[in-house]
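J.: coords please:
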Amino acid sequence: MTAFGAGRNGTELISPGCRTSKVKVARIFMGTEHGLWPRPNLDLEKEVKRYKSEFARFSDELCDVDFTVDTLVKSAKEVEPLKGRLQDVDGILAIHLNIGIRGIVRELLKVDKPTTVFAVPYSGHEWVGFGRLQKQDLGSKLTCKLTSDHSQLAAAIRPFRAIHHLREAKILDLTTRFRQGYAEQMKKKFGTEITQVKLDRVLKLCDAVDEKAARAEAQRWVENAEKVMEPTKEEVVRSARLALAFEKLLEAEQATVMTADCYGSMYKPLCKSYAFPCLGFARLNNMGLGGICESDLSCAMTHILFQGLTGKPGFISDPTIDESDNTIILAHCLGTPKMDGPDGPIAPYNLRYVMERRDGVVTQVTMRHGQKVTQGVLVGTNTLPYFTGKIVATPHIERGCRTKATVKIDGDAEKLWKNWSAGLHRVTVYGDIIQELQDFCRFTDIKMVNEAV
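T.: Predicted structure coming up:
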């Protein structure tokens, strides 16, 4: 793997999760032979074939998906023999072909799996009852996409992917202040494993890194930087050696995310005595894995969620508000050059010291002007405060953390700071992902709160 991400050949999946398993989806085509709408004698097999050709257009995005149940269902009673197999899927995508499928939908919902109904115009009249069904206990895990936009077939699977990757993910926390209670909550709710690792193991892996490999890794970061400002060559080499050790540790543990208590119990024994983890974290983010600052497990969980929905890493920030122009400035020393994901472009970056400490090596990244972003954080197991906006500036001033993005808020800055809760850190991802996030939160019984309205 290279410093700037190996793409799917390196990680196999486009976001953190088990590196070998795939997202299991039931693709159910719902049609009735007696349906008279959108027209009598609709050729259901031909409709299925037409839909499968649409799915083929999105084969790259769906490369990590197995349709483990893939069938045409013509009546409610035909669902019963499938229920055993449906218990093993991450979600059900039910495609509405013609009128008369209400009973099929209700039987699918009895499986109690996340279920999305996809219906183009002229599929049938059942849509008039979907909203009412969602309000019932039976429909608590039902979402619907009523659209002629066939790209939403792939979008419908993104929340299933996030559920899968949270369940398969493993987070390594380098700290002496491990939060066992929080780890148990995440395991119970999402299936995510959070494990403490000891410093001596990391340092042994650093010692085992080949000197030539460490220097070659450092040179890649230097050559791709616009400027190397404060850090010395040897500081970059030490950071690169630690980055390679992180990769070895994640491989050994079959883990996908790494965090460290860099401003707490690991500050003196790791950061001051050896190297800051920032370059290693940026590298993991570039690779489609996860590097998370300050043992922030809530941000680690949010990072996995956002990558599951988008295939893109998050940016953790210490925000600051400017009411004068309705913006929020997102700032943190650690930036990720590949905010578009492992296969995306490399954003411009400088190599800098950590601002507060005047030490270490961080990537000061210039994010994309005009980029729509979503910011949020998973609080406990049942709440997700969030807001959206657009990047309008990337200040390079000697105030605050190194990487900064000024975001014009969709909403009101005053309401945002008055409604702010659950600490300072948030995770920002490229794109407006609210629809996918809403579906995920419905499936997992999480309350979303837009703090800017």
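J.: Please make it C-alpha for all contacts and neighbour counts, starting now.
T.: OK.
J.: And Ile163, how far from Gly139?
T.: Going from Ile163 to Gly139 by CA to CA, to the nearest Å gives 18 Å.
J.: before we move on, what about Thr176?
T.: From Thr176 to Gly139 the distance is 44 Å (CA to CA).
J.: higher neighbour count, the two?
T.: Relative neighbour count places Gly139 above the other of Thr176 and Gly139, with 20 against 15, counting by other CA atoms under 10 Å.
J.: Next, give phi and psi for the residue lying closest to that one once chain neighbours are set aside.
T.: Nearest residue to Gly139, sequence neighbours excluded (CA to CA, 6 or more residues apart in numbering): Leu133, at 5.2 Å. Backbone torsions of Leu133, given as degrees, to the nearest 10, read phi -60, psi -40.
J.: Over to the one 5 residues further on?
T.: As for Leu138, its main-chain torsions (degrees, to the nearest 10) stand at phi -60, psi -30.
J.: Kindly report the same for Gln435.
T.: The phi/psi pair for Gln435 (degrees, to the nearest 10) is phi -60, psi -50.
J.: What is the burial count for it?
T.: Gln435 has 12 neighbours, counted by other CA under 10 Å.
J.: low-confidence ranges in the chain?
T.: Along the chain, the parts satisfying pLDDT under 70 run over 1-20.
J.: Can you name the next helix or strand after the longest helix that it contains?
T.: What stands out as the longest helix in the chain, according to DSSP state H, is helix 233-253. As assigned by DSSP states H and E, the chain's next helix or strand after helix 233-253 is strand 257-260.
J.: The next helix or strand after that next one - contacts with which helices or strands?
T.: Proceeding N to C from strand 257-260, the next assigned helix or strand is helix 278-286, under DSSP H and E. With contacts defined as 3 or more CA pairs under 8 Å, 6 or more residues apart in numbering; DSSP states H and E, helix 278-286 has these neighbours: helix 233-253, strand 257-260, strand 290-292, strand 359-365.
J.: tilt between the longest one and strand 359-365?
T.: Helix 233-253 runs at 80 degrees relative to strand 359-365, counting by axes from the mean of the first three to the mean of the last three CA atoms, to 10 degrees.
J.: Show me what helix 233-253 is packed up against.
T.: Helix 233-253 packs on helix 199-208, helix 211-224, strand 257-260, helix 278-286, strand 359-365, going by 3+ CA pairs under 8 Å, 6+ apart.
J.: Mind putting the ones you listed into a markdown table with mean neighbour count and distance to Leu270?
T.: Listed next are the helices and strands packed on helix 233-253 as a markdown table, based on neighbours: other CA atoms under 10 Å; distance: least, CA to CA, whole Å:
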| stretch | mean neighbour count | distance to Leu270 |
| --- | --- | --- |
| helix 199-208 | 15 | 8 |
| helix 211-224 | 17 | 17 |
| strand 257-260 | 28 | 9 |
| helix 278-286 | 28 | 12 |
| strand 359-365 | 26 | 11 |
